[in-house]
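S.K.: Need the 3D shape of this:
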Amino acid sequence: MPDYAFHEIRGYPGIKGTLEISINENDEVFIGGDPKGLKSLAAVLNWLADVDQEKTTMPEGEREHVHLRPRMSSDDVGELTEFSDETEVCRLDAKGSGKFPDHYYT
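M.R.: Below you'll find the model as predicted:
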């Protein structure tokens, strides 16, 4: 496991309130929450967009990202509701080069 973790970067706001991210019966992504949960998701997205990847300790070529996981019990550290699917939110631009993954056409 790498030594680098996104929590090392200052300002990670985390998810507050109630937030569900799941796949519905039509295979569509569902994002729902109370106002606090939705605002905190917006804060996480803004934080991720604003991170200066060049000032992080992650290796060159990596991309800043966060994993949002369901909370399966009251003492679990997950940030999403128990009905959620684990969700990765990722920057596409790589540290150092700014390149997107090879399968993207920009």
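S.K.: can you give me the strands in this protein?
M.R.: 19-23, 29-33, 65-68, 87-90 (DSSP state E).
S.K.: contacts for the third one?
M.R.: Surrounding strand 65-68, the residues in contact under the criterion C-beta atoms under 8 Å, 6 or more residues apart in numbering are 6, 12, 15, 19, 21, 44, 48, 78-80, 84, 86-91. C-beta: built from backbone N, CA, C; applies to glycine.
S.K.: What's the local residue count around the residue nearest to G96 when sequence neighbours are not counted?
M.R.: Leaving out its chain neighbours, the residue that sits closest to G96 by C-beta to C-beta, 6 or more residues apart in numbering is E60, at 4.0 Å. Residues lying near E60 (other C-beta atoms under 10 Å) number 10.
S.K.: In contact with E60: list those residues for me.
M.R.: Going by C-beta under 8 Å, 6+ apart, E60 touches A94, K95, G96, S97.
S.K.: Looking at these, state which has the most neighbours.
M.R.: Neighbour counts for the contacts of E60 peak at K95, which has 20 neighbours (criterion: other C-beta under 10 Å).
S.K.: Let's see the lowest-mean-pLDDT helix or strand in the chain as PDB, backbone CA atoms only.
M.R.: Scoring the helices and strands of the chain by mean pLDDT, DSSP states H and E places strand 65-68 at the bottom, with a mean of 92. Extracted C-alpha coordinates of strand 65-68, given in PDB (Å, rounded to 0.1, in the frame of the first residue of the first chain):
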ATOM      1  CA  HIS A  65      -8.700  11.000  -6.000                       C
ATOM      2  CA  VAL A  66     -11.000  10.100  -3.100                       C
ATOM      3  CA  HIS A  67     -12.900   6.900  -2.300                       C
ATOM      4  CA  LEU A  68     -16.300   7.500  -0.700                       C
END
